[in-house]
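**Student:** Predicted model and sequence follow; I will ask about them next.
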Amino acid sequence: MAAWTWRFEKADGTEVPPAVQPEEFTTQGDAESWIGEEWKALVAGGADQVRLFEDATEIYGPMSLHAETATETETEDAAS
């Protein structure tokens with residue numbers, strides 16, 4: 001059975017230890033649900049972005065954990 005895991009990084013791609021220790025997930029959905037619940041704690045602990053892996057294969061990333069802030073900035077720029 002495949003293991004789904006996250007890699008936690010600074011904005012420059014340097015790996016950092018997560019503020020919240022994840023488990024190995026058995027499905028992509030479980031992994032994504034977990035990141036949706038824990039992203040604020042991960043940012044507070046120093047992670048800027050994540051990559052999702054299925055075993056040794058990178059599925060996607062880097063995915064910013066600051067996406068909400070970027071969206072707010074874009075909205076403000078569009079309103080100007």
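**Tutor:** Cool, got the structure.
**Student:** Which secondary structure element is home to residue 23?
**Tutor:** Element membership of residue 23, judged by DSSP states H and E, is empty: it is in no helix or strand.
**Student:** go on, residue 30?
**Tutor:** helix 28-44.
**Student:** In this structure residue 30 contacts residue 4, no?
**Tutor:** Yes - between residue 30 and residue 4 there is a contact under Cβ atoms under 8 Å: 7.0 Å. Where you see a C-beta, it was placed from the backbone N, CA and C, and this is true even at glycine.
**Student:** More neighbours: the two, which one.
**Tutor:** Taking neighbours as other Cβ atoms under 10 Å, residue 30 and residue 4 compare with residue 4 leading, 21 against 12.
**Student:** ok, now which ones touch that one?
**Tutor:** Each residue near residue 4 by Cβ atoms under 8 Å, 6 or more residues apart in numbering is listed here: 24, 25, 26, 27, 28, 30, 31, 52, 53, 54, 59.
**Student:** Could you give the bridge partners of the residue nearest to the last one when sequence neighbours are not counted?
**Tutor:** The shortest distance from residue 59 to any residue that is not its chain neighbour, by Cβ to Cβ, 6 or more residues apart in numbering, is 4.6 Å, and that residue is residue 52. Beta bridges link residue 52 to residue 6, residue 60, judged by DSSP bridges.
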